[in-house]
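**Student:** okay, structure incoming, though there's no sequence with it:
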């Protein structure tokens with residue numbers, strides 16, 4: 001009975017360690033994504049409010065015609081920035097998923113190796129008892 005408890009304790013400990021590593025990877029990915037998105041939002045907001053400040057200072061139609069191309073350029077830059085950040089967040093998420101998959105694969109291989117060793121150990125003991 002003690003051997004079973006020891007094996008169960010080891011397996012539980014390995015599972016807890018793996019879960020902690022998965023959580024750490026997921027949290028790091030979320031932190032990166034949040035940081036990237038927050039930085040992009042800050043840049044976009046700053047550029048947009050600067051444009052709105054210039055637009056508020058316009059007093060005639062000619063001034064409006066000179067400011068509107070800048071507004072289109074800011075809108076385009078904001079869109080490109082958003083798409084770039086989304087692509088980077090996606091790439092980081094894929095890398096995190098691959099790391100979690102590799103971790104899970106390693107845990108399965110380790111468990112299989114341990115189970116195989118235990119089966120061989122029991123088979124040897126049964127072979128000795130049969131003789």
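**Tutor:** Looks like it arrived, so ask away. Bear in mind the structure is a predicted one, so any value in this text is a computation, not a measurement.
**Student:** pLDDT (mean, whole number) over whatever helix or strand residue 36 lives in?
**Tutor:** Assigned by DSSP states H and E, residue 36 belongs to helix 2-56. When pLDDT is averaged along helix 2-56, the result is 89.
**Student:** for that helix, packing partners?
**Tutor:** helix 61-130 (3 or more C-beta pairs under 8 Å, 6 or more residues apart in numbering; DSSP states H and E). Placement of C-beta: from N, CA and C, glycine included.
**Student:** which strands and helices sit next to the helix it packs on?
**Tutor:** When contacts are defined as 3+ C-beta pairs under 8 Å, 6+ apart, helix 61-130 packs onto helix 2-56.
**Student:** quick one: the helix it packs on to helix 61-130, angle?
**Tutor:** Here helix 2-56 runs at an angle of 180 degrees relative to helix 61-130 (axes from the mean of the first three to the mean of the last three C-alpha atoms, to 10 degrees).
**Student:** for helix 2-56, what is the distance to the chain centroid?
**Tutor:** 6 Å (C-alpha atoms, centre = their mean, to the nearest Å).
**Student:** leaving out sequence neighbours, find the closest residue to the residue nearest the centre of the chain.
**Tutor:** Geometric centre of the chain, nearest residue: residue 29, 3.0 Å, by C-alpha atoms, centre = their mean. Using C-beta to C-beta, 6 or more residues apart in numbering and skipping residues adjacent in sequence, the residue nearest residue 29 is residue 96, 4.0 Å away.
**Student:** what's near enough to touch that neighbour?
**Tutor:** For residue 96, the contact set (C-beta atoms under 8 Å, 6 or more residues apart in numbering) comprises 25, 26, 28, 29.
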